[in-house]
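>>> sequence and predicted model, in that order:
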Amino acid sequence: MANSGRRALLEVEGLTVEFPGVRALDNVHFDVAAGEVHALVGENGAGKSTLLKVLGGLHRPSAGAIRLGGNAYRPRRPSDAMHAGIAVIYQEFNLYPDLSVAENVFSGREPFHRFSRGIRYAEINSRAAALFATLGVSIDPAAAVNSLTVSEQQLVEIAKALSVNGRIIVMDEPTAALSADEVARLLDVVRRLRAEGRSVIYVSHRLDEVFAVADRVTVLRDGKHVRTSPLAGTSTDELVRLMVGRDIASMFHRDDVADGDVVLELDRVSAGRQLREVSMTVRAGEIVGIGGVAGAGQPELSQVIFGAVPLKSGQMRLGGNAYRPKGPADAMKAGVGFLHEDRKTAGILPDLTVRHNLTISVLDKVRGALGRLLSPSAELDIFSTYRARLAIRTTGPDQLIGQLSGGNQQKVLFGRALAPGARLLILNEPTRGVDIGAKVEIHHLINEITADGAGVIMISSDLPELLGISDRVYVFASGQIVGHLTGDDRTEENVMLCATTGRKIFSEAAS
Amino acid sequence: MTAVLRRVPLMLPLIVVVLVLGLATDSFLTGGNVENVLVAAGIVALPGLAMTFCLAMGEFDLSIGSTVSLAGVICCSSLIAGQPLFVAMALALAAGAAIGLANGLVVTKLGVTPFIATLATLVIVRGISLAYSGGHDQIVSSTGLKYLVGGRPLGIPMPIVLAVIATVVAWWAMNRTRFGRWVCSVGSNREAARVSGLPVDRIRIAVYVLVGVAGGVWGLLISSQLQKGNGQLGMGFELDAITVVVIGGTALLGGRASIVGTVLGALLIETIRNGLNLLNTPPAYQRVSVGLLLIAALAIKGLRRADIPVAPTVVPEATR
Amino acid sequence: GCSDSNSPSDTPSKSGKVVVGFSVYDMQYEFFQKMEKGTREAAVAKGWEFKLHDEKSDENEMVTGAQALIDQGVDVLIISPFKPSALGPIIAKAKAKGVPVIVDDIGGGGAPYDAIVISDNAGGGKLAADYMAKQIVANGKTSKNVASITCEPSAVYAARRNAGFKEAIEKQGFKVVAELSGNSKAEEGYKVMKDIMAKNPDVAGVFSCNDPMGVAAANAVKDAGKNPVTDIVTVGFNADPEALTAIKAGGLAATVAQDPNAMGALTVKLADQALKKETITFGNAAEREVFNPVLLVTKDNVATIK
Amino acid sequence: MKRSLGGLWDTWGITAILLLLLAVAPVLTPDFFSLDNAQSVLRESAYLGIVAAGMTFAIASGAFDLSVGGQLALCSVVSLMGFAAGGTVLAVAAALATGLACGLVNASLITRLAVPPFVATLGTLFVFRGVAYILTKDGPKTLPYDQIGSPFVKIGGLNVAGLPVPFLIMLAVYAAAWLLMRRTATGRRVLAYGSSPEAARFCGISPTRLRVFVFALVGVSVGIAALTYITRVWTADGSAQDGFELKVIAAVVLGGTSLKGGKGTLIGTFSAVLLVSVLNDMLVSEGVPSAYQRIVLGGVLIIALTIDGLRTRFAAPGSLRRAVTGLGGRTPKTGLAR
Ligand SMILES: Nc1ncnc2c1ncn2[C@@H]1O[C@H](COP(=O)(O)OP(=O)(O)OP(=O)(O)O)[C@@H](O)[C@H]1O
Ligand SMILES: Nc1ncnc2c1ncn2[C@@H]1O[C@H](COP(=O)(O)OP(=O)(O)OP(=O)(O)O)[C@@H](O)[C@H]1O
Ligand SMILES: O[C@@H]1[C@H](O)[C@H](O)CO[C@H]1O
Ligand SMILES: [Mg+2]
Ligand SMILES: [Mg+2]
């Protein structure tokens, strides 16, 4: 209907996908024109990723039809999609951690010498380097993927899709792990693809990106098609209402919480090259934000405090006492809570159910009458609490966590981090991949726990979030603190300045 | 030099063991003995190299010991029946390939866990070998077959020649060709391999066939040494083949492989075994010593790894 | 497992036919295939019903299977035990049901069986030693160094062969410079022999406590460019077909023959006597042993051995 | 719906096959359900079953223990020496203490020297067996025939309420193991660690404590098993139950516990142990020659798992379950490799 001027390249009709107990897609239809950037939005669990997996040949629909360039398109395996010119960047990475970046990018399509059968490494390395150049980053094509940061891994996924030279490039939350400048460059690439006449299907929970780059948007809710319309003339609020089914009150709300005693004190803490001479404090009732470009030492900082990375030099004090955890188990006993930024590898316990994923850190608290034995009902209580509070979309407590949508997995992990009631909570990218409604709720919960007297360290690459709910912000560059922003100094410009230009800004009030 | 010690798995333990044996005995470093060790190591290295691909893929093949037996029985009984040598050998290798193909199909098309599938094959093929040989030794006297272990092209014992060629080919295949990279890809993240459009089933089948053929070669070598085939040969060999790979540093769950490690693993195991015999270690004490040395070799590796200052790897794996 | 079989019965069971159960060590080996044949044929000749159980070289299977035979109501049990020391629970059950037990070969493990038929293992080792000593001298070798390859340490019966060999050869002024285990396996026997030759280039003879290792050692000798009859006198034990073939072809100096077929037949005779409560004449009454002779097999007499 | 069919199959599939086999058993083997035979089947599988219960925890945590064969030999030998020196009490104590000690040795190699479990336990398999060999250099240890009346010797042969005591011990072990796995914090941690060691660490699970627990548990299970084993065969030496480790691991895997860790089903292991034992009994009582017994046994193993494999493979939509739970890939990188 819309865009009637251009002929649809991809048409989806009556698409239905069912999982045991869930209908992930219910009679969905939409179309994408050649040279169009088409955004796909919806709450966590709305069915976005499922739709893309059907296009990529990973899921087979139980009903519906897809046409590509006018012909029936029924991919049975991923290579069918590739041959049809559809390249997909999935929400969950599909990388080989042990192989090199270039080997990952060209997997299955490696050029090789005729006679010796050897892969043309020089060629794939230089082609990979060229792809990264267009993305404005420099990643060593020969490096092993397991040595990369999460955002670099995301860029490898993007390069992989670009290297296919497809007619349609599908991107499922490609920016969830990227920093602001990387996002900007990716959006440039998307625009360039459009200019080349290629189509992009773009999934994101960051609506500013959607408005910045997309021509049309399709909204999904509960697996159903809600609306497809041009973005021009659509407002953010309208889009949110279509997605969530209600208005979202206030974004980035921060309650006024009185500061208490110092909970955590770092004194010239170092851990290898990644973290050098860091000194900082966190008070009870405070949200301390940590910003900076990706890989500037934030994860190392959080893991040193949590005992997951050994401290090389310097001192830490927790609640006034010397603190040097031997490992995360030790840190948790001391009252430190933690949320990892790497959901798939260091977050979910894939073979366990949603309930068991939620309660794994509070097993001591879910004992039944017998004292030693776990009480399933106590575990169910915890499950019910967080499911309601965070609107976790699951068929029930016994669903495997791996079967949840990405955003819903994230909510479970957030619940897990809150459950022990830590006095110091370290949150890495707490809202990565969650929808707008859940994001507001997570911010609420963070406000609440500080009101209860806990201190929070929040590491976030989402600048509005970082600035919106932190009381103070430390900015990191190359493993060091290069800025400390309080009050009105907390602006996006200041964060960017410190993070990228090497300028140091330390607010007066903070010292 | 220190870089080599650090980078190449097992180099250090191997050197230590060789030095100790060189000092403790006067026969270890004699030409004949070194040749013995190299021949023995070459013979396990051959199947070990194939098994390296299997482990790199994140899978096991437990059936290889029985393949050794069946291949030997087939080769020898064919010779007895008057077949020419090359036919007998081809039949033995074909049997190995067929066993590998069966494993591959059961694992990919029927979805049976490799551990159980190949364990079942181990039991079945041993049964076939016993039934086929009627429980009798298939005794031959074949100079042609003997050439496989006794031949000396350029004065070098045949098993060493074969092992060196196989090592070079395996190294190239593993580290430089698409096949090797695909095998590691499947082992590193099978789902990603599928998503990238790799022919996962065909790769897996190919590796099982490779191991099957290697089992056939192993069987020929053993039958060449013993000039017979029977239902008992090769018992427990599966563990030998897997051991040289694992101590060589190939990850048990796949993704990473060390061809050089496998070869050094074979050398280390055979050096230890030979050394204990030269030292006249009583049988009861041999096992304890082998066990302790294995642990020690790997503990040295473990400690050394712990020593190297590693930048904190915060993101050990692909994903967000 | 009918109820009446629970009461001790000294008369043949209901059908009137005597039922004999034979539990065999492991039917994979030719040695035991022959023993089974000898036992079966002798039992059938007596008009008995024959029930076979294969222990498959597993002591648990041995106990389970033998007890099952007793449960099934056999009148007499013949057993060639994988682990003689595991005969206790079998004989306890047999005694409770009044079933006589005749052990064939390997050993009796100190349990109260009715009789055991056994080869003179130590004597066989001595035969091997005496022959080897003579042959080394006849070959014109001056070296006094010989070697001995043993089975797995748990094979008590086989160890007696090596012990008998060692005692006898040392009496002749030789020295056993290496005594290593090939775990009864041909593959290992081959490697061990190579190691022995590397360490002791002058070794003049080698004795193996079974033929798979003996013939494998002979192959190792040949592969080292030496002759297993004239350079390193290589002797095995058992007279397995492969050993006989090798001796004929000049690829092995000698072996010591046991006659498993005859041993099997002998156990049936003893079983009959036990059932009829006749007195058995023992070679060694203290251990209730009935000896079956062993015989040295060399090129000279190999043609007479079937 | 609370659980999918697939979930039910994971836990009960092998049990269903066992029941099927039991249903046809009397037809194929008329003698099968005779009291003697049934008791014998239950009795002979106890020691394997008990170790398999312990091994289920190890595999669920993502590691093998290859040393159980050596442990069984050593526990049995030491226990028999204990019996000779101090009767029943010392025999029991010696078996359990030896098992625990073996487990702790494994655990320290793995946690302190960072030797990967596969190699560490392969090494200790040799070491434990070797020590058992050294202790029995002068011949196997045995329960003397004249001790036939001792309560210790009776354990292996007694029945209570028609059930063999070794089987009752096995039942008790499984009941305890089930509770431990499903209803205690420790069991949950084992599954979590096996599912993703990295994530488990960030949940506050100490890998060191966990591995010490798991390997000690395997050791103790071998200690208990050794008691039922020696009182049944009355003897042990270094060669006792050669190849035991593979049988135990096969039973656990056949039962449905994934070698990649994170999942463990004791009901499955229990059924798998009985399945193999019943099948073996049927083949033996039918007088199938051992060469063919092998062929049938292997074939049945494949068929049993084919049903499971096909179910997973064709589970709609696509091979989604594998995709999502990471079964196909390496997502839960487990201790096997470390
Ligand atoms: N393998 C599976 N088994 C069962 N249910 C599944 C499976 N995969 C997805 N689902 C369900 O399908 C629904 C749609 O999930 P999908 O991943 O498509 O959501 P999404 O829109 O991408 O959400 P998000 O924004 O969180 O990524 C969810 O309810 C999810 O739980
Ligand atoms: N592997 C582990 N990692 C971290 N903490 C552990 C681990 N095992 C036990 N703990 C903690 O150690 C303390 C006491 O251990 P204990 O053995 O009593 O375990 P538990 O939690 O009571 O488990 P269970 O109920 O299963 O016995 C508890 O606080 C427990 O949470
Ligand atoms: O005498 C026989 C043979 O040596 C056989 O190899 C094993 O069992 C012994 O009894
Ligand atoms: Mg999604
Ligand atoms: Mg506890």
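Perfect, I can see it now. Ligands and ions are numbered 1, 2, ... in the order given.
>>> how far away is A:Leu485 from A:Val475?
Remark: distance between A:Leu485 and A:Val475 (Cβ to Cβ, to the nearest Å) = 7 Å. (Glycine included, C-beta is placed from N, CA and C.)
>>> mutual contacts of those two, please.
With contacts taken as Cβ atoms under 8 Å, 6 or more residues apart in numbering or on different chains, the residues that reach both A:Leu485 and A:Val475 are A:494-495, A:498, A:505.
>>> so A:Leu485 and A:Val475 - more neighbours on which side?
A:Val475 (29 against 25; other Cβ atoms under 10 Å in any protein chain shown).
>>> just to be sure, that one is in a strand?
Yes - assessed with DSSP: H, G, I helix; E, B strand; the rest coil, A:Val475 lies in a strand.
>>> tell me the pLDDT at it?
Looking at A:Val475, its pLDDT stands at 93.
>>> A:His484 is in contact with that one, correct?
Yes - using Cβ atoms under 8 Å, A:Val475 is in contact with A:His484, at 7.5 Å.
>>> so how far is B:Val168 from A:Arg117?
Taking Cβ to Cβ, one finds A:Arg117 at 14 Å from B:Val168.
>>> so which residue is smack in the middle of the chain?
Using chain A here. By Cα atoms, centre = their mean, the mean C-alpha position of chain A lies nearest to A:Arg432, the distance being 3.5 Å.
>>> nope, chain D
Nearest to the centroid of the C-alpha atoms of chain D, with distances taken as Cα atoms, centre = their mean, sits D:Ala52, at 1.0 Å.
>>> where do the helices sit along chain C?
Using DSSP state H, the helices found in chain C span residues C:30-45, C:59-71, C:87-96, C:121-138, C:156-171, C:186-199, C:211-223, C:241-248, C:260-275.
>>> out of those, deepest packed?
The highest mean neighbour count among these, using mean count of other Cβ atoms under 10 Å in any protein chain shown, belongs to helix C:211-223: a mean of 28.
>>> list the residues that contact the residue in the stretch 151-300 of chain B positioned nearest to ligand 4.
The nearest approach of the stretch 151-300 of chain B to ligand 4 comes at B:Val195, 15.1 Å away (Cβ to the ion). B:Val195 sits next to A:56, A:58, A:78, A:90, A:94 when contact means Cβ under 8 Å, 6+ apart.
>>> in strands, which of the residues you listed appear?
The strands, defined by DSSP state E, take in nothing from those.
>>> now render the residues you listed as a markdown table, adding distance to C:Pro89.
Conversion of the contacts of B:Val195 to a markdown table gives the following (distance: Cβ to Cβ, whole Å):
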| residue | distance to C:Pro89 |
| --- | --- |
| A:Gly56 | 63 |
| A:Leu58 | 58 |
| A:Pro78 | 60 |
| A:Tyr90 | 61 |
| A:Asn94 | 58 |
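>>> from those, which single one is nearest chain B?
A:Asn94 (3.7 Å; Cβ to the nearest Cβ).
>>> so what's the closest one closest to, chain neighbours aside?
Residue nearest to A:Asn94 in three dimensions, not counting chain neighbours: B:Ala192, with 3.7 Å by Cβ to Cβ, 6 or more residues apart in numbering or on different chains.
>>> next one: D:Gln39
Spatial nearest neighbour of D:Gln39, excluding adjacent residues (Cβ to Cβ, 6+ apart): D:Pro164 at 5.3 Å.
>>> which parts of the stretch 101-250 of chain C sit against chain D?
Proximity of the stretch 101-250 of chain C to chain D is confined to C:109-112, C:152-154, C:156 under the rule Cβ under 8 Å from any Cβ of the partner chain.
>>> ok, 10 Å please
By Cβ under 10 Å from any Cβ of the partner chain, the residues of the stretch 101-250 of chain C that approach chain D are C:107, C:109-112, C:152-156, C:159, C:183.
>>> hey, where'd the strands end up in chain D?
D:141-142, D:159-160, D:163-164, D:235-236.
>>> wait, I meant the stretch 1-150 of chain B
Ranges of strands in the stretch 1-150 of chain B, per DSSP state E, counting those that start in this stretch, are B:138-139.
>>> quick check: the residue of it nearest ligand 3.
Among the residues of the stretch 1-150 of chain B, B:Asp137 lies nearest to ligand 3; the distance is 12.1 Å by Cβ to the nearest ligand atom.
>>> I'd say that residue and B:Leu226 touch.
Yes - counting by Cβ atoms under 10 Å, B:Asp137 touches B:Leu226, with 9.2 Å between them.
>>> okay, and the common contacts of those two?
Residues touching both B:Asp137 and B:Leu226 (Cβ atoms under 10 Å, 6 or more residues apart in numbering or on different chains): B:76, B:233, C:186, C:212, C:215, C:242.
>>> in this structure the residue nearest to A:Asn94 contacts A:Lys344, no?
No - with contact defined as Cβ under 10 Å, B:Ala192 and A:Lys344 do not form a contacting pair (11.8 Å).
>>> those two: who's more crowded?
When B:Ala192 and A:Lys344 are compared for neighbours, B:Ala192 comes out ahead with 26 against 22, by other Cβ under 10 Å.
>>> what about C:Thr281, how many neighbours?
10.
>>> without its sequence neighbours, what residue ends up closest to it?
C:Val290 (7.6 Å).
>>> start to end distance for stretch B:187-205?
Using Cα to Cα, to the nearest Å, the span of stretch B:187-205 from its first residue to its last is 14 Å.
>>> just for chain C, where's the confidence low?
Across chain C, the ranges flagged by pLDDT under 70 are C:1-15.
>>> can you do 90?
For chain C, the stretches flagged by pLDDT under 90 are C:1-17, C:28-31, C:57, C:106-110, C:119-120, C:152-159, C:283-287, C:291-293, C:305-306.
>>> tell me which parts of it are close to ligand 2?
Within chain C, not a single residue sits near ligand 2 (Cβ under 6 Å from any ligand atom).
>>> residue in chain C nearest to ligand 4?
For chain C, Cβ to the ion, closest residue to ligand 4: C:Asn60, 53.9 Å.
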